[in-house]
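*Asks:* Sequence isn't available, so here's the structure alone:
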């Protein structure tokens, strides 16, 4: 059983975090501390209009073409887990960051930081997984880099993938576009990836097989874009979970978001594991799910399109954008009460991706 | 004084390296072991026509535009050194990989892997250096990512930068385009970066200040492209040094390359340090130099253009492409003899960039 699971629930830390003198694990959580680091150190130095959009990808223009550009490093531990491994995550994660901007992913880069002593078999297994994931997605790795650090200066294998995609002229998605009255659609069950990683680390067993949901969502997104023009923005709720993605949207769009707990799909065993471990599934990472804010008038059509795609078969309408509680996410609970769903404050689970 | 400098000279290891069971530091050297890893593990899995060009950047086409795309991780140790730091290297290195394809660099991504406990001051100093380098180069960082690993699982700070550039339709540079009779041009002195890093690690003192040559070369490349259409290919001789870059070109173009040792610019103190330490400057890394193979008829014009740019003021014609010794680099030494300049076999200096 886990001995040191840090539980970070919604209402426990509503005040801003103080600026730390050194980097803590929470700065990589994808939650409040990550956002603080971004706002206090990175953005003031590197500011420009593209970067400040703070979406999962930059949208830039070259020779009249609208391109999406994104980067992600992967430090997940363990390297291999039910449903996937660091290689599959690295391919799918970057494809998804492109897809969340409405882009058709075109090309990937792959950079390896290897620790001296890593077994060649492990490396080959990861590269094979990258090959398979890239082939399934139809997005080739076209450039790469390999660095090696001394034993004890890394942790086996870190990956970085960056990606380029093409965005159709008529697609304009951004986290600042949500409007009161819009619907919140979720493509499937939450928490599968995070609970899988945690159970591997802690040696937990489940009656049924819980596995990472890692998957490339670009074809699901393409189906959604064909189905309706009412998509305001999309996010893949990875680190920091559904709560962090929706809080970002609420803040950026200056709207409230009200969730219906009963409507949020979650596997029974994942729900049970979360209860046993004292984790809130809204904060647990996903690697093959998306949340979309869509015009209410287009919601049914888009939801149907999602459900026709295998990666969206459990898609559900989980909430509404409101004009109250601006910048906040609230939830009607199963017990009929209402609670605030804040961003993740510390780090629930380090190195989840 | 250094206790364990591994010296890897040209003729010591002409046979292929055996395949290792685990990753060694030499797999990150940029020399023969890096090439072996690429050919035995990475390329067989990820093969596609763009990747197989094996230039410093992929050249891809999107909506009729020719784009360059590249990625590099940076693990240099120490993080700060005379003339630069890991942040400047990361910006300039990726810009240079784009520029070596004849591209105008447009956008950068920045991904951080931070070790828990890294001081916030160090991070801020690196980010400030990235800001300055990006501003000097005029290439913005438009997207990013931050991960944190536990103390002991990293080494302070690793960076990845990827970049996108635009290539003019008429520019077609590649390592397989060198022809017998072409000239080899070098933009300035070799070995400055590598000797700077080594002297920092080993506490060596020089009479004059040796500093890293880290610089963004895209404007020098633009000057060269304007001056003449005879450029076949360019490389920035970083890890593995000038010898590895030229060996790659000799192999890919199936030509010989003959260097004139007397013509290769090198600072006196760098030459002295190399002699004292038993290092061959042809294998020492550079971070602000380029080597170009150019049509002999255009060589004078291009060389003059290089010398007019401050980053090319010491540019020199250092050799000739030949139809003998195919796939090999040879050198007429100062003593009038001739020797083979093989690729770096092991790792002369780990974590140089």
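*Replies:* Looks like it came in fine. Just so it is clear, the structure is predicted and the values come from calculations on it, not from any experiment.
*Asks:* Off-centre distance for the helix or strand hosting residue A:300?
*Replies:* Assigned by DSSP states H and E, residue A:300 falls within helix A:296-308. Between the centre of helix A:296-308 and the centre of its chain there are 21 Å (C-alpha atoms, centre = their mean, to the nearest Å).
*Asks:* any residues touching that helix, and which ones?
*Replies:* A:181-183, A:185, A:187, A:220, A:223-224, A:226-231, A:292, A:294, A:312-317 (C-beta atoms under 8 Å, 6 or more residues apart in numbering or on different chains). (Each C-beta comes from the backbone N, C-alpha and C, glycine too.)
*Asks:* any idea of the mean pLDDT in that helix?
*Replies:* Averaging pLDDT along helix A:296-308 gives 98.
*Asks:* Buried ones only from the contacts of helix A:296-308, please, as a ChimeraX command.
*Replies:* The buried residues among those can be selected in ChimeraX (16 or more other C-beta atoms under 10 Å in any protein chain shown) with this line:
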select /A:182,183,185,187,220,223,224,227,228,230,231,292,294,312,315,316,317
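*Asks:* What about the contacts of helix A:296-308, which are in helices?
*Replies:* A:220, A:223, A:224, A:226, A:227 (DSSP state H).
*Asks:* So which of these is the closest to chain B?
*Replies:* residue A:226 (19.8 Å; C-beta to the nearest C-beta).
*Asks:* taking the mean pLDDT, what do you get for stretch A:313-322?
*Replies:* pLDDT averaged over stretch A:313-322 gives 98.
*Asks:* Identify the residue spatially nearest to the most centrally placed residue in chain A, adjacent ones excluded.
*Replies:* The structure's chain A has its C-alpha centroid closest to residue A:238; by C-alpha atoms, centre = their mean the separation is 2.4 Å. Excluding the flanking residues, the one nearest residue A:238 by C-beta to C-beta, 6 or more residues apart in numbering or on different chains is residue A:285, at 5.2 Å.
*Asks:* Tell me how far the one you found lies from residue A:196.
*Replies:* Distance from residue A:285 to residue A:196, counting by C-beta to C-beta, to the nearest Å: 10 Å.
*Asks:* ditto for residue A:246
*Replies:* Taking C-beta to C-beta, one finds residue A:246 at 22 Å from residue A:196.
*Asks:* One more: residue A:155?
*Replies:* 19 Å.
*Asks:* Stretch A:104-121: how far from the chain's middle?
*Replies:* With C-alpha atoms, centre = their mean, you get 20 Å for stretch A:104-121.
*Asks:* which parts of it are buried?
*Replies:* Neighbour-count burial for stretch A:104-121 [16+ other C-beta under 10 Å]: A:104-116, A:118, A:120.
*Asks:* next one: stretch A:46-59
*Replies:* Under 16+ other C-beta under 10 Å, the buried positions of stretch A:46-59 are A:46, A:50, A:51, A:53, A:54, A:55, A:56, A:57, A:58, A:59.
*Asks:* about what we covered before: list the ones among the contacts of helix A:296-308 that fall in strands.
*Replies:* A:183, A:185, A:231, A:292, A:294, A:316, A:317 (DSSP state E).
*Asks:* can you pull the contacts of the last one?
*Replies:* Contacts were defined as C-beta under 8 Å, 6+ apart; by that measure residue A:317 touches A:183, A:184, A:185, A:263, A:299, A:303.
*Asks:* Let me see the contact set for the closest residue to chain B within the stretch 201-350 of chain A.
*Replies:* Closest to chain B within the stretch 201-350 of chain A is residue A:350: 6.6 Å, counting by C-beta to the nearest C-beta. Applying C-beta under 8 Å, 6+ apart to residue A:350 gives the contacts A:25, A:28, A:29, B:148, B:149, B:150.
*Asks:* Break down chain A into its strands, ranges please.
*Replies:* A:58-62, A:65-74, A:80-81, A:84-85, A:103-115, A:141-149, A:157-167, A:183-186, A:231-235, A:256-260, A:291-294, A:316-322, A:329-332, A:338-340.
*Asks:* With distance to residue A:33 added, can I get the ones you listed in TSV?
*Replies:* As requested, the strands of chain A are exported to TSV (distance: least, C-beta to C-beta, whole Å):
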stretch	distance to residue A:33
strand A:58-62	23
strand A:65-74	17
strand A:80-81	25
strand A:84-85	26
strand A:103-115	23
strand A:141-149	26
strand A:157-167	21
strand A:183-186	25
strand A:231-235	19
strand A:256-260	21
strand A:291-294	22
strand A:316-322	25
strand A:329-332	18
strand A:338-340	18
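*Asks:* and residue A:176, which of the ones you listed is closest to it?
*Replies:* Across these, the minimum distance to residue A:176, taken as C-beta to C-beta, is reached by strand A:231-235, at 7.8 Å.
*Asks:* circling back: for the residue nearest to residue A:238, give me its contacts.
*Replies:* Contacts of residue A:285 by C-beta under 8 Å, 6+ apart are A:30, A:193, A:194, A:197, A:237, A:238, A:239, A:240, A:241, A:349, A:352, A:353.
*Asks:* rewinding a little: taking the buried residues of stretch A:46-59 one by one, which sit in helices?
*Replies:* Short answer: those in helices (DSSP H) are residue A:46.
*Asks:* Out of the buried residues of stretch A:46-59, which are close to chain B?
*Replies:* Among the buried residues of stretch A:46-59, the residues within reach of chain B (C-beta under 8 Å from any C-beta of the partner chain) are A:46, A:50, A:51, A:57, A:58.
*Asks:* just those now: which is nearest residue A:321?
*Replies:* When these are compared against residue A:321 (criterion: C-beta to C-beta), the nearest one is residue A:57, at 22.1 Å.
*Asks:* How about the residues of the stretch 151-300 of chain A by chain B?
*Replies:* A:152, A:153, A:154, A:155, A:158, A:160, A:162, A:164, A:166.
*Asks:* again, only using 7 Å
*Replies:* A:153, A:154, A:155, A:158, A:160, A:162, A:164, A:166 (C-beta under 7 Å from any C-beta of the partner chain).
*Asks:* Now the buried members of those.
*Replies:* A:153, A:154, A:155, A:158, A:160, A:162, A:164, A:166.
*Asks:* Now do the contacts for the fifth one.
*Replies:* Residues touching residue A:160, when contacts are defined by C-beta atoms under 7 Å, 6 or more residues apart in numbering or on different chains, comprise A:71, A:72, A:73, A:111, B:71, B:73, B:111, B:160.
*Asks:* Name whatever forms a beta bridge with the second one.
*Replies:* When bridges are called by DSSP bridges, residue A:72 pairs up with residue A:161.
*Asks:* how about it, what does it touch?
*Replies:* A:93, A:94, A:97, A:160, A:161, B:111, B:145.
*Asks:* Same check on the fourth one?
*Replies:* Applying C-beta under 7 Å, 6+ apart to residue A:111 gives the contacts A:144, A:145, A:160, B:71, B:72, B:73, B:160.
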